[in-house]
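Next come a sequence and a model predicted from it.
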Amino acid sequence: MLAQIVDIASFILMTAGGFFVFVGGVGALRMPDLYTRMHAASVTDSIGPILIIAGVMLQSGVTLASVKLAAILLFLLLTGPTASNALASAALLSGQEPNARSIDPDNDSDNPS
Amino acid sequence: MTVIFSVFLLTFLMVTAIAIVRTANLFVAVMLSGIFSLLLAANFFLLDAADVALTEAAVGAGISTVLFLSALAMLDERETSASHNRTIALIVVAVITLAVIYATFDQPRFADPMAPVHQHVAPWYFETTRELIDIPNVVTAVLASFRGYDTLGEVFVVLTAGIGVLFLLDKRVPTGRREREPQMEPGGLRHYLIPRVVGRLLIPFIVLFGLYVQFHGDFGPGGGFQAGAIVAAGVILFALLEGENRALEVLPRGVLTGLAAGGALLYGAVGVAGIVMGGNFLDYSVLSDDPVVGQHMGILLIEAGVGMTVTGTLLSIFHAFAARGRF
């Protein structure tokens, strides 16, 4: 019984995490400029891995694997936002203006500058 | 289940490969090749080849992306369109593709235990590793002891490649450098607090993990190649944060070239020690009274040599690139 509850909880957590990663991916493709795209993609850095790793940790129980997963989560939570910060400040330095209104279909995908 | 995941990953590999070929922006191509390596590493891991997956992730997705980016810093971002005869290229590619597809018909089925590759020497390695070498990771036993000659060759390939890159890039231009040096910023991301704080926090753990991978290679996935790449990644992170000059103060060029050459020398010396103590070249059993302990010692030493060479070579190449095109 308890095992089933844990299974269901971990299933819900992982599905929710997958959903947020998917939403982040859609946002990264659909948003108009670099900063809003990064804003959308940062969902995959933060809530996505938290939920997915929490779900996987429920599967592995109180083992060494869970400790390793916690270490991975800590690493991801430290590096993901830092990388986003570095990317955003690099973009700002290279002269990319935050302007969500300039929705220009020719100015997306291949060449961000 | 493994097959579904593999097909999924291989499809993405193909999509990424086509995207790499089609994009004219070299920066995008570099990023995509990093993604390609990561997908490939996940695929290796699905096939239970954890050692190879770790190497692919550390070298392919990590270090080579950094090296490509440092090469890109000297180049134009756009690819110049080459106007060669496309018909000939198309014919060559089509013929080779058909030949490869034809060859796959003779391949054994996926995960077939009766495939020739599983019937040749592999069973012997599995049976005798416990008795002769007594380490849990058979991959390390094969790589470091049974096929020590091959790995020695690989170390020298890495060293030779490093020497080649240094000959091409490490051209000291004393006057130009002196003119440029005083105007330069202290370098790196010194003025950016968040990357700096987090980076400084992470570097010790990255290097510690590298050492773990180095010395735990007998028991789990890992070894000198992966550890060398991870330690080099930690030092490159330091160079990006604190500026290349600070990194060179910590690990000067001489030390790096010494590491690269010394690692290969250590590997060769262990082999010669085998001859001197009455065995064959790279026969570690004679290094100690107990042959198994001798094997452990030999593997530890040559893995250390591999790690030293890989770290030294990768960092030398990185500094050679960085000294030319400033980030």
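Perfect, thanks for sending it. Numbering: from 1, shown residues only, chains lettered A, B, ... in the order given.

could you measure the nearest residue to residue B:50 once chain neighbours are set aside against chain A, distance?
Once flanking residues are discounted, residue B:50 sits nearest to residue B:221: 3.7 Å by CB to CB, 6 or more residues apart in numbering or on different chains. In this view, the C-beta of every residue, glycine as well, is placed from N, C-alpha and C. As judged by CB to the nearest CB, to the nearest Å, residue B:221 and chain A stand 13 Å apart.

so how many other residues sit close to residue B:221?
19 (other CB atoms under 10 Å in any protein chain shown).

Correct me if wrong: it contacts residue B:51.
Yes - with contact defined as CB atoms under 8 Å, residue B:221 and residue B:51 form a contacting pair (4.7 Å).

So for the two, which residues contact both of them?
In terms of CB atoms under 8 Å, 6 or more residues apart in numbering or on different chains, residue B:221 and residue B:51 are both contacted by the residues B:137, B:139.

How about residue B:35, nearest residue that isn't a chain neighbour?
Using CB to CB, 6+ apart, the nearest residue to residue B:35 is residue B:16, at 5.5 Å.

Please disregard the earlier target; I meant residue B:199.
Using CB to CB, 6+ apart and skipping the chain neighbours, the partner closest in space to residue B:199 is residue B:241 (4.4 Å).

what helix or strand does that neighbour sit in?
Here residue B:241, judged by DSSP states H and E, is contained in helix B:224-242.

burial count for the closest residue to chain A within the stretch 1-150 of chain B?
Proximity of the stretch 1-150 of chain B to chain A (CB to the nearest CB) peaks at residue B:25, 5.9 Å away. Close neighbours of residue B:25, defined as other CB under 10 Å, add up to 17.

which residues does it bridge with?
Counting by DSSP bridges, residue B:25 is bridged to residue B:78.

Could you verify my assumption that it touches residue B:72?
No - taking contacts as CB under 8 Å, residue B:25 lies outside contact range of residue B:72: 10.3 Å.

thinking again about what came up before, for the residue nearest to residue B:50, which residues are in contact?
Residues near residue B:221 by CB under 8 Å, 6+ apart: B:50-51, B:53-54, B:137, B:139, B:213.

Including neighbour count, could those residues go into TSV?
Formatted as TSV, the contacts of residue B:221 follow (neighbours: other CB atoms under 10 Å in any protein chain shown):
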residue	neighbour count
B:50	16
B:51	21
B:53	21
B:54	24
B:137	22
B:139	19
B:213	24
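
The lowest-mean-pLDDT helix or strand in chain A packs against which elements?
Taking mean pLDDT, DSSP states H and E as the measure, chain A has helix A:34-45 as its least confident helix or strand, at a mean of 86. Contacts defined by 3 or more CB pairs under 8 Å, 6 or more residues apart in numbering or on different chains; DSSP states H and E place helix A:34-45 against helix A:2-30, helix A:64-93.

Minimum distance to residue B:111: which of those helices has it?
Smallest distance to residue B:111 across those (CB to CB): 25.2 Å, for helix A:64-93.

Pull the distance from the closest one to the chain's centre.
How far helix A:64-93 lies from its chain's middle: 10 Å, per CA atoms, centre = their mean, to the nearest Å.

go on, stretch B:248-265?
In this view, stretch B:248-265 has its centroid 17 Å away from the chain centroid, taken as CA atoms, centre = their mean.

What are the contacting residues of that stretch?
Taking contacts as CB under 8 Å, 6+ apart, the residues outside stretch B:248-265 that touch it are B:155-156, B:159, B:162, B:166, B:235, B:238, B:304-313, B:315-316, B:319.

which among those residues end up buried?
B:155, B:159, B:162, B:166, B:235, B:238, B:304-313, B:315-316, B:319 (16 or more other CB atoms under 10 Å in any protein chain shown).

I'd assumed residue B:113 was in a strand, is it?
No - Residue B:113: not assigned to a strand; according to DSSP: H, G, I helix; E, B strand; the rest coil it is coil.

list the buried ones in the helix or strand encompassing residue B:255?
When elements are assigned from DSSP H and E, residue B:255 belongs to helix B:253-276. Buried residues in helix B:253-276, defined by neighbour count with 16+ other CB under 10 Å: B:253, B:256-257, B:259-264, B:266-268, B:270-271, B:273-274.

same check, this time on stretch A:12-20
Those would be A:13-14, A:16-17, A:20, for stretch A:12-20 by 16+ other CB under 10 Å.

Between the two ends of stretch B:235-248, how far is it?
Start-to-end span of stretch B:235-248 (CA to CA, to the nearest Å) is 10 Å.

Just the mean pLDDT for that stretch, thanks.
Mean pLDDT, stretch B:235-248: 87.

likewise stretch B:6-17?
For stretch B:6-17, the mean pLDDT works out to 93.
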